[in-house]
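Chemist: Based on what follows, work out the 3D shape:
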Amino acid sequence: MKARAFYLLKKAALICLVGSGYALFCTLTGWGIPCFFHLLTGLDCPGCGISRLCLALLRLDFAAAFRANAALLLLLPLFAAVAFSLLIRYLRTGDTRPRRWESVLLILTTVLLLLFGILRNLPFYPF
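Modeler: Next up, the predicted model:
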């Protein structure tokens, strides 16, 4: 269990380091990674705005985070629940396979994000 915990801590530290560096870069330069789907089609993909969402959450500006990508912000607690469940199970047993409820939840959130991607490109989308 200690080895798995240390492995996860190393991965989490690397993710935090890269994320912090990207946030600092975006904040100082005003640049971010462009959405290639948007560049090619002119449409917003379900993930468009994720950088702005994360930067807004770092500032605890929930209104700006909601405007950046409402669906991802609202689905974040579900993703966190699945991630926490997988993390605990991995630490205890080493098992990385998702349970049935986790798979169903991830499929459901994927479908919701795809629907959001369609909805946000319609002319009556309010945001």
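Chemist: Going along the chain, name the helices of this protein.
Modeler: In the chain, helices defined by DSSP state H lie at 2-29, 36-41, 50-58, 62-68, 70-93, 100-119, listed in chain order.
Chemist: and among these, the most buried is which?
Modeler: helix 50-58 (a mean of 18; mean count of other CB atoms under 10 Å). (C-beta placed from N, C-alpha, C; glycine too.)
Chemist: now that one against helix 2-29, angle please.
Modeler: 100 degrees (axes from the mean of the first three to the mean of the last three CA atoms, to 10 degrees).
Chemist: which other helices and strands contact helix 50-58?
Modeler: For helix 50-58, the elements it packs on are helix 2-29, helix 62-68, helix 70-93, judged by 3 or more CB pairs under 8 Å, 6 or more residues apart in numbering; DSSP states H and E.
Chemist: For Cys48, report the pLDDT, please.
Modeler: Looking at Cys48, its pLDDT reads 90.
Chemist: same deal with Tyr125?
Modeler: As predicted, Tyr125 sits at a pLDDT of 66.
Chemist: How about Met1?
Modeler: Met1 is given a pLDDT of 82.
Chemist: From Thr27, how far off is it?
Modeler: Met1 sits 38 Å away from Thr27 when distances are taken as CB to CB, to the nearest Å.
Chemist: Tabulate the helices and strands packed on helix 50-58 (CSV), appending distance to Leu113.
Modeler: Listed next are those as CSV, based on distance: least, CB to CB, whole Å:
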stretch, distance to Leu113
helix 2-29, 21
helix 62-68, 14
helix 70-93, 6
